[in-house]
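1. what shape does this take:
(one chain, ligands or ions: 2)
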Amino acid sequence: MSNGPVRVSAEDMALNKAFLKMMSEGKVERFIKRHSLQARLTHGITAMSCIWLCLSGLFVFVPALTQAAGPDAVLFMRMSHRVIGVVFVAVPLVSGLLAPKGVAHVFKNLFTKWDSDDKKWMKLFFPYLFMAKWIHMPDQHEVKSGQRFADGMLWFAGALMGVTGILLVVGSSWADFGMAAHGAILLLHDIGFFLIAIFAMAHMFLGSGIFQPYRGLAKLMFGNGMVSESDALYHWGHWAREEIALGENVVEKRR
Ligand code: HEM
Ligand code: HEM
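-> Ligands and ions are numbered 1, 2, ... in the order given. As a prediction, this is how the structure comes out:
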C-alpha cells in the first residue's frame, strides 16, 4: 500500500494506527535510558562497599564501640574494612578503564558551567525541601546544579578515601612511613570519612526517594536504569527535551 512518497505496508499501517490509539488512550508509556548496566553495577557495588566501610570504620574510630564489640568483632571489622576497601578502589577503577568515555561523560557533566537556571535551582533547593508542592523548580541539564556539587564531593571524598586507605594498608603491612606521615594520612582518612558520611547521607536521602518528589528514582541505579518521560521532564527538563528530540535513548512500553 502506498501513502504519498513513503511506501507503508498494510501491516505497518495497522500497527501505526494501533500505536497512535494506545498513545492517545495513555496505554503507552515512554522512558529514557539514563544509566547503563555497567554504571548501575559499579554504583551498586561501590555504594554498598562505602556503607560497609563507614560502619566498619566506626569500630576503629569510636573507642566506646570498640570496647563494647569485643576483640573478635573488632578484628572481623578491621579485616573486612581492608578487604571491602580493596573492592571499593578496584571496582570503579576497572569499570573506568573498561569505559573511559563514560568516565569522561560523568566528569564533563560535573564541571559544566552553571547557567541562570542552575543558579536559580540552587537558591530554591532548601525552601523546596520543605515546600516542594508549591515550588516549581527551573529546568535542569543532565545533572542538576546541586547534584553536580554533591556528586563531585562524593567523587572527591571517594578518591581521597581510596588513596589514603591504600596508603594505610601499605604502611601497616609492607612499608614504614614513620609516625608523622602515618598520622597525617590517618587525619586525611578521617576528614574524608566525615565528608563522605555527610554527602552520602544527603545523597541516599534523595536517591532512595524518601523525599516525595524523588520517589521511584532509586530505580535509576537499583533498577533498569530508565526514567519515565514525566519524571525526566520534571527533574531534568533541558536534558529530557534534548533526549526526546534525539530519540536514541527513548523506549516505549505498553502499560
Ligand atoms: C568510604 C570509604 C571509607 C571510609 C568511610 C573509611 C573509614 C575509616 C575510618 C572511620 C577509620 C578509622 C580511622 C581512625 O581510627 O582515625 C578507617 C581506618 C582505616 N581504613 Fe578506612 N575507610 C574507607 C575506605 C578505606 C579504603 C578504601 C581502605 C583501603 C583499601 C581503607 C583502609 C583503612 C585502614 C588500613 C585503616 C586503619 C584501621 C586499622 O588499623 O585497622 N579504608 N577507615
Ligand atoms: C543506598 C544508597 C544509595 C542510593 C539509593 C543511591 C541512588 C543513586 C541514584 C538514583 C543515582 C542516579 C542519579 C541520577 O540519575 O541523576 C545515583 C548516582 C550516584 N551515586 Fe548513589 N545512591 C546510593 C549510595 C551511594 C553512595 C554510598 C555513594 C558514594 C560512593 C554514591 C555515589 C553516587 C555517584 C558518584 C553517583 C553519580 C553517578 C554518575 O554520575 O553516573 N551513591 N545514586
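
2. shouldn't residue 253 be within a strand?
-> Yes. According to DSSP: H, G, I helix; E, B strand; the rest coil, the state of residue 253 is that of a strand.

3. ok and the residue in the stretch 51-200 of the chain nearest ligand 1?
-> As assessed by C-beta to the nearest ligand atom, ligand 1 sits closest to residue 165 within the stretch 51-200 of the chain, at 2.2 Å. Glycine gets a C-beta too; all of them are placed from N, C-alpha and C.

4. what sits closest to that residue if chain neighbours are left out?
-> residue 85 (4.8 Å; C-beta to C-beta, 6 or more residues apart in numbering).

5. OK, contacts around whichever residue of the chain sits closest to ligand 2?
-> Minimum separation of the chain from ligand 2 (C-beta to the nearest ligand atom) falls at residue 207, amounting to 2.7 Å. Residues in contact with residue 207 (C-beta atoms under 8 Å, 6 or more residues apart in numbering) are 214, 217, 218, 221.

6. filter these by proximity to ligand 2?
-> Intersecting the contacts of residue 207 with the contacts of ligand 2 gives 217, 218, 221 (criterion: C-beta under 6 Å from any ligand atom).

7. just the buried ones from these?
-> Neighbour-count burial within the ones next to ligand 2 among the contacts of residue 207 applies to 217, 221; the criterion is 16 or more other C-beta atoms under 10 Å.

8. the ones next to ligand 2 among the contacts of residue 207 in helices, which ones?
-> Members of the ones next to ligand 2 among the contacts of residue 207 lying in helices (criterion: DSSP state H): residue 221.

9. now the ones next to ligand 2 among the contacts of residue 207 as TSV including pLDDT?
-> Shown next, in TSV, are the ones next to ligand 2 among the contacts of residue 207 (pLDDT from 0 to 100):
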residue	pLDDT
217	97
218	97
221	98
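
10. quick one: which of the ones next to ligand 2 among the contacts of residue 207 is nearest residue 54?
-> Relative to residue 54, the closest of the ones next to ligand 2 among the contacts of residue 207 is residue 221; by C-beta to C-beta it sits at 18.2 Å.

11. which residue is the nearest non-sequential neighbour of the closest one?
-> Closest to residue 221 by C-beta to C-beta, 6+ apart is residue 43, at 4.9 Å.

12. cool, and residue 88?
-> Closest residue in space to residue 88, ignoring its immediate chain neighbours: residue 49 at 4.1 Å, by C-beta to C-beta, 6+ apart.

13. what residues does the stretch 1-150 of the chain put near ligand 1?
-> Neighbours of ligand 1 within the stretch 1-150 of the chain, by C-beta under 6 Å from any ligand atom: 50, 53-54, 57, 60-61, 78, 81-82, 85-86, 88-89.

14. picking that back up, burial count for the residue nearest to residue 88?
-> Counted with other C-beta atoms under 10 Å, residues neighbouring residue 49 total 21.

15. same question for residue 80.
-> 15.

16. show the pLDDT at it.
-> At residue 80, the pLDDT value in this model is 97.

17. in terms of helices and strands, where is it?
-> Assigned by DSSP states H and E, residue 80 belongs to helix 71-98.

18. what angle sits between the helix or strand just after that helix and helix 71-98?
-> Going down the chain from helix 71-98, the next helix or strand is helix 100-110, by DSSP H and E. Computed by axes from the mean of the first three to the mean of the last three C-alpha atoms, to 10 degrees, the angle separating helix 100-110 from helix 71-98 equals 100 degrees.

19. packing partners of helix 100-110?
-> Under the contact criterion of 3 or more C-beta pairs under 8 Å, 6 or more residues apart in numbering; DSSP states H and E, helix 100-110 touches helix 145-173.

20. tell me the angle the helix it packs on makes with helix 71-98.
-> Using the same axes, to 10 degrees, the direction of helix 145-173 lies 120 degrees away from that of helix 71-98.

21. any regions of the stretch 151-255 of the chain where pLDDT drops low?
-> By pLDDT under 70, the stretch 151-255 of the chain has no low-scoring segment.
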